[in-house]
Structure formats: C-alpha cells, structure tokens
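Engineer: can you look at this prediction? I've put the sequence above it.
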Amino acid sequence: QVQLVESGGGLVQPGGSLRLSCKASGFRVDYYAIGWFRQAPGKEREGVSCLTNDGSEYYGESVKGRFAISRDNAKSTVYLQMNSLKPEDTAVYYCATALLGACSGIREYPYWGQGTQVTVTV
C-alpha cells in the first residue's frame, strides 16, 4: 500500500528556513520519482520540485536557488530544504508519486500525502 506522509511545516519569518520531510511506505523511494507541490489559498496546485529515480533534480522557477530536494534511501524519506523563504511561499505543501522513474505532470500523480502547512509571515 503506497503511503506518503509530510511533516516539517510551520510558521517562519521571511528569510528563514524550513525542511519538509516526505516519509514513504509501500515502495522504494530510489526506484521512483517523488515530487513536491504546493497550493496557496485561492490558487491552483503547482509543482515545486521533483527528484527522479536516478537522482536528477527539477525546480520551479520561483524556487530555484532557494530550495533543494534530497533523498535518504535508508529512511525512505525525501526532503525539501527551503531557504530564503518569502511570504509568497506560503501554501500547503504536498509530496506525491506516480510510481514512475521520471517526473510527470501534476495530473499524472495518483498518490498524494495529506500536506503540511508552511506560513511565511513577519
């Protein structure tokens, strides 16, 4: 049974950092790509970052140079390190997998976590 559980969200000031975790079960995180997505109030869900099975990393334009995705195979966990956070990063962050080796379009992900709230405010 595929399951994804996010954690690590919270309240942070602009310029601060957070590290989100996505704990996976039911499959091997080094076999399949895992993506991070976010949805702000009143906006559509958007892709943030993705890590393929061979270790290739992809980032949305708005987070390039500030966010970093990584993986700990032994812990079956994918991380999203978020630095230099801005108020516009405020959203619920989700991890997801399509059980494919490569990253996919958002509509191709059938397996999602419950999300973790990130709020960036003074």
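Structural biologist: It's in.
Engineer: now do the helices in the protein.
Structural biologist: For the chain, no helices are identified by DSSP state H.
Engineer: list the contacts for the residue nearest the centre of the chain?
Structural biologist: Centroid check for the chain by Cα atoms, centre = their mean gives residue 36 as the closest residue, at 2.5 Å. Residues in contact with residue 36 (Cβ atoms under 8 Å, 6 or more residues apart in numbering) are 20, 22, 47, 48, 49, 50, 69, 78, 80, 93, 94, 95. Bear in mind the C-beta positions are built from the backbone N, C-alpha and C, glycine included.
Engineer: in the sheet, who's paired with it?
Structural biologist: Beta-bridge partners recorded for residue 36 (DSSP bridges): residue 49, residue 95.
Engineer: separation between it and residue 77?
Structural biologist: Distance, residue 36 to residue 77, using Cβ to Cβ, to the nearest Å: 13 Å.
Engineer: in stretch 61-77, what's buried?
Structural biologist: Across stretch 61-77, burial judged by 16 or more other Cβ atoms under 10 Å covers 63, 67, 69, 71, 76, 77.
Engineer: closest one to residue 86 out of those, please.
Structural biologist: Set against residue 86, the nearest of these by Cβ to Cβ is residue 63 (9.5 Å).
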